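Asks: Could you work out the structure for the sequence below:
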Amino acid sequence: MSGHSKWSQIKHKKAHTDAKRGKAFTKIVKEISIAARQGGGDPAGNPRLRTAIEKAKEVNMPGDNVKKAIMKGTGELPGVSYEEIVYEGYGPSGVAVMIEVLTDNKNRTIPEIRHILSRNGGSLGETGCVSWMFDKRGYILVSKSKASEDSVMTAALDAGAEDMKNDPGEGNYEIITAPEDLNTVKAALEKANIPIESAEVTMLPKNYVVLDAKPAEQMIRLMDALEDNDDVQNVYANFDIPDDVAEKAGR
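Replies: Below you'll find the model as predicted:
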């Protein structure tokens, strides 16, 4: 899981400028709206909406923004209709890339995604070309500095987690769950007073492509460029990078 964990840590170390925060608001508003449209406006009965609202709280989004996004999703307020699309392709050195987008105009989004990939040593592929390389899982990070391995393992596994990873080279425990069990395990950790760095339903690679310094830096630029696009919600890729390159990228 090291590749996924390293990229998560790089993202968390990056400075949150006003521009980045504005983009985060845009992406979360889209996610809240489509979650409410598909599963209703009550977060108690809509796990996807509940997760989106938690993300909104993490970036200090005003409650009024959240409420309006829900109402647009449920049709109580007029709003833009978004389409969910997953694009698949390749990055430098044949790294598999999955890109989840929410767009109101796929004729705009497709050429933008293709351009970003080609400009950074990648290419857009056909549907299904890399999705078989990933598993959909709940993924929770807990800082090793905040809790003991025994306490995290006990709380997580008792709540139904599938596995817990303790890579000596990483600063976090990685907890893997079935997608539908993510919130249950997260709640159990919180009840045990174990702080959580991040929790999400994600696509975990089944294997990784180890990148040397130059393609690793190119891959990081590609990930940054994709995630900077307003229509892109999530990017998943099966790369692993050297620790020194990861540290430089996180500064």
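Asks: Can you show me the strands along the stretch 101-250 of the chain?
Replies: Assigned by DSSP state E, counting those that start in this stretch, the stretch 101-250 of the chain shows strands spanning 123-124, 134-143, 163-165, 172-177, 198-205, 209-210, 232-237, 239-240.
Asks: list the helices and strands the last one packs on?
Replies: Right, strand 239-240. When contacts are defined as 3 or more C-beta pairs under 8 Å, 6 or more residues apart in numbering; DSSP states H and E, strand 239-240 sits against helix 2-13, strand 209-210. Every residue, glycine included, has its C-beta placed from N, CA and C.
Asks: what about 10 Å?
Replies: Using 3 or more C-beta pairs under 10 Å, 6 or more residues apart in numbering; DSSP states H and E, the elements in contact with strand 239-240 are helix 2-13, strand 209-210, helix 213-228.
Asks: lowest-confidence stretch among these?
Replies: Among the helices and strands packed on strand 239-240, helix 2-13 carries the lowest mean pLDDT, a mean of 51.
Asks: Can you report how many residues lie near the closest residue to G171 other than its chain neighbours?
Replies: Of all residues not flanking G171 in the chain, K144 sits nearest, at 5.8 Å (C-beta to C-beta, 6 or more residues apart in numbering). Burial of K144 is recorded as 15 neighbouring residues (other C-beta atoms under 10 Å).
Asks: would you list the strands of the stretch 101-250 of the chain in TSV and tack on mean neighbour count and distance to V86?
Replies: Converted to TSV, the strands of the stretch 101-250 of the chain look like this (neighbours: other C-beta atoms under 10 Å; distance: least, C-beta to C-beta, whole Å):
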stretch	mean neighbour count	distance to V86
strand 123-124	16	12
strand 134-143	19	11
strand 163-165	15	25
strand 172-177	23	21
strand 198-205	19	9
strand 209-210	17	20
strand 232-237	22	9
strand 239-240	23	18
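Asks: Quick one: closest of these to T74.
Replies: Comparison of the strands of the stretch 101-250 of the chain against T74 by C-beta to C-beta identifies strand 232-237 as nearest, at 19.7 Å.
Asks: So in that sheet, which strands flank that closest one, and in what orientation?
Replies: strand 96-103 (antiparallel) (DSSP bridges).
Asks: Now the strand it pairs with - C-alpha only, PDB.
Replies: Output of strand 96-103 as PDB, limited to C-alpha atoms (Å, rounded to 0.1, in the frame of the first residue of the first chain):
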ATOM      1  CA  ALA A  96      -2.200   2.700 -14.500                       C
ATOM      2  CA  VAL A  97      -4.300   5.800 -13.900                       C
ATOM      3  CA  MET A  98      -8.100   6.000 -13.100                       C
ATOM      4  CA  ILE A  99      -9.700   9.500 -13.200                       C
ATOM      5  CA  GLU A 100     -13.100  10.100 -11.700                       C
ATOM      6  CA  VAL A 101     -14.800  13.300 -12.900                       C
ATOM      7  CA  LEU A 102     -18.100  15.100 -12.300                       C
ATOM      8  CA  THR A 103     -18.800  17.300 -15.300                       C
END
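Asks: Output the strands of the stretch 101-250 of the chain as a markdown table; include the columns distance to N65.
Replies: As requested, these are exported to a markdown table (distance: least, C-beta to C-beta, whole Å):
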| stretch | distance to N65 |
| --- | --- |
| strand 123-124 | 33 |
| strand 134-143 | 26 |
| strand 163-165 | 35 |
| strand 172-177 | 29 |
| strand 198-205 | 20 |
| strand 209-210 | 39 |
| strand 232-237 | 17 |
| strand 239-240 | 34 |
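Asks: right, so of those, which gets closest to S33?
Replies: Nearest of these to S33, taken as C-beta to C-beta: strand 232-237 at 11.8 Å.
Asks: what angle separates that closest one from strand 198-205?
Replies: In terms of direction (axes from the mean of the first three to the mean of the last three C-alpha atoms, to 10 degrees), strand 232-237 departs from strand 198-205 by 50 degrees.
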